[in-house]
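Undergrad: Sequence plus predicted model, see below.
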Amino acid sequence: MFTKIYEKIKEFIKENYKGLIAIVVVFLLFMIELPYSIYTPGGAVDLNKRIAVSDGYEAEGSFNMAYVSMVRGSIPFLLLSYIIPDWDIVSADEITIEGENMEEMLERERLYMKESMDAAIINAYQAAGADISITGTISKVSYIAEEADTNLKIGDEIVRVNDVEIHSLDDLRAIIEELDEDEQVQLDVVRDDEELECYAYTYNTDDGMKIGVSLLTTYEYTTNPEVSITSKASEAGSSGGLMMSLTIYNSLVPEDITGGKKIVGTGTIDIDGNVGEIGGVKYKLIGAVKNDADVFICPEENYEEALSVAEDKNYDIQIISVGTFLEAIEALEELNN
């Protein structure tokens, strides 16, 4: 019996070996990753389905977060990028910081997303006059320089430095600036819910004493009404901050600033309500138009590029540029009047 099966398999391979080799070659071509990625037009995430404010006001229109799609740099996709319009190759060096790998970059981008969520909630509640109380801050490692001598990891929450509690990057800098070169620094951190003792060594630069680490600050707070934001594991980055803040604000006030329109946009937001520049506005605008957006909102720094893309492609879409969260609210209110 086994002999017959073996003979049939051998005969099948003999008759179809060219096709089998082709399948193996194609599989290997897709598996081999090169140090490139491909940016492609993305889409729009309806934030009304991601953000929930208890007993919040309903919107006739919608706020949507624009995003860029990224395809990994396998050989077949790289070849396709020369054929398909608006598929652009970017090297890994362009999307990572010197000394970090792709995994560290993704972890850093997830931290930025959490930071933007906090800033969005705080700005929206304060602008709407709703109850919010900031109860604490958390400082996490967002970048480690290549020259740093440390066992810290991106995502570590730094609690104390040389037995002194810290709450921000400024607190860390104040301690480091008082130390001598090549001095060991003790850092008490939380990593994966476990308290650890880490180290870093100081080194001198033109800008003063450093340990080669940057921190970002996230916030602990209570709100009334309650708010929740859900996201997918594949989502990261800070460019959705502005649109999240507008969605939350619109749920907290009786006036619907969507005006019944489908509003797609992008832009970072900080704790003070400043809207910051983003990357990939071309792909985000293309995605917005494909998703039938009425209005596209972007940071001031990206406005000229967005206008240029719209003109080149003859898009019929209103583009609004803003520098702050409050400017975005005012622009939408004027649009509806």
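TA: Thanks, I have the structure now.
Undergrad: Quick one: residues contacting the residue nearest to residue 113 when sequence neighbours are not counted.
TA: Closest residue to residue 113 apart from its sequence neighbours, by Cβ to Cβ, 6 or more residues apart in numbering: residue 236 at 5.2 Å. C-beta here means a position set from N, CA and C on the backbone, and glycine is covered the same way. When contacts are counted by Cβ atoms under 8 Å, 6 or more residues apart in numbering, residue 236 touches 106, 109-110, 112-113.
Undergrad: how close does residue 236 get to residue 103?
TA: According to Cβ to Cβ, to the nearest Å, residue 236 stands 12 Å off from residue 103.
Undergrad: Over to residue 121?
TA: Counting by Cβ to Cβ, the gap from residue 121 to residue 103 is 28 Å.
Undergrad: just checking, residue 121 touches residue 221?
TA: Yes - between residue 121 and residue 221 there is a contact at 7.2 Å, judged by Cβ atoms under 8 Å.
Undergrad: Looking at residue 121 and residue 103, which is more packed in?
TA: Comparing residue 121 with residue 103 by other Cβ atoms under 10 Å, the one with more neighbours is residue 121, at 24 against 10.
Undergrad: tell me what the one helix or strand that one maps to is packed against?
TA: Secondary structure assignment for residue 121, by DSSP states H and E: helix 102-128. If you count contacts as 3 or more Cβ pairs under 8 Å, 6 or more residues apart in numbering; DSSP states H and E, helix 102-128 packs onto strand 131-144, strand 213-224, strand 227-229, helix 241-252, strand 268-269, helix 325-336.
Undergrad: Including distance to residue 203, could these go into TSV?
TA: Converted to TSV, the helices and strands packed on helix 102-128 look like this (distance: least, Cβ to Cβ, whole Å):
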stretch	distance to residue 203
strand 131-144	13
strand 213-224	12
strand 227-229	39
helix 241-252	33
strand 268-269	30
helix 325-336	38
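Undergrad: got CSV for these, with mean neighbour count, distance to residue 53 and mean pLDDT too?
TA: Below are these laid out as CSV (neighbours: other Cβ atoms under 10 Å; distance: least, Cβ to Cβ, whole Å; pLDDT from 0 to 100):
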stretch, mean neighbour count, distance to residue 53, mean pLDDT
strand 131-144, 16, 12, 92
strand 213-224, 17, 9, 92
strand 227-229, 18, 5, 95
helix 241-252, 27, 4, 97
strand 268-269, 26, 17, 96
helix 325-336, 18, 16, 95
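Undergrad: Out of these, which is closest to residue 155?
TA: strand 131-144 (6.0 Å; Cβ to Cβ).
Undergrad: what residue ranges in the stretch 101-250 of the chain are flagged as low confidence?
TA: 101-102 (pLDDT under 70).
Undergrad: What segments of the stretch 51-200 of the chain are helices?
TA: 75-80, 92-95, 102-128, 169-176 (DSSP state H, counting those that start in this stretch).
Undergrad: out of these, deepest packed?
TA: Of all the helices of the stretch 51-200 of the chain, helix 102-128 has the most neighbours on average by mean count of other Cβ atoms under 10 Å, namely a mean of 20.
Undergrad: center of this protein, which residue is that?
TA: In the chain, the residue lying closest to the centroid (Cα atoms, centre = their mean) is residue 237, at 0.6 Å.
Undergrad: Distance-wise, check it relative to residue 43.
TA: To residue 43, residue 237 is 15 Å away according to Cβ to Cβ.
Undergrad: before we move on, what about residue 58?
TA: The value you get for residue 58 to residue 43, if Cβ to Cβ is used, is 23 Å.
Undergrad: try residue 300
TA: 24 Å.
Undergrad: for residue 258, same thing?
TA: From residue 258 across to residue 43, the span is 19 Å (Cβ to Cβ).
Undergrad: quick one: which of these two has more around it?
TA: More crowded of residue 258 and residue 43, by other Cβ under 10 Å: residue 258, with 21 against 18.
Undergrad: mind listing what that one touches?
TA: 59-63, 250, 332.
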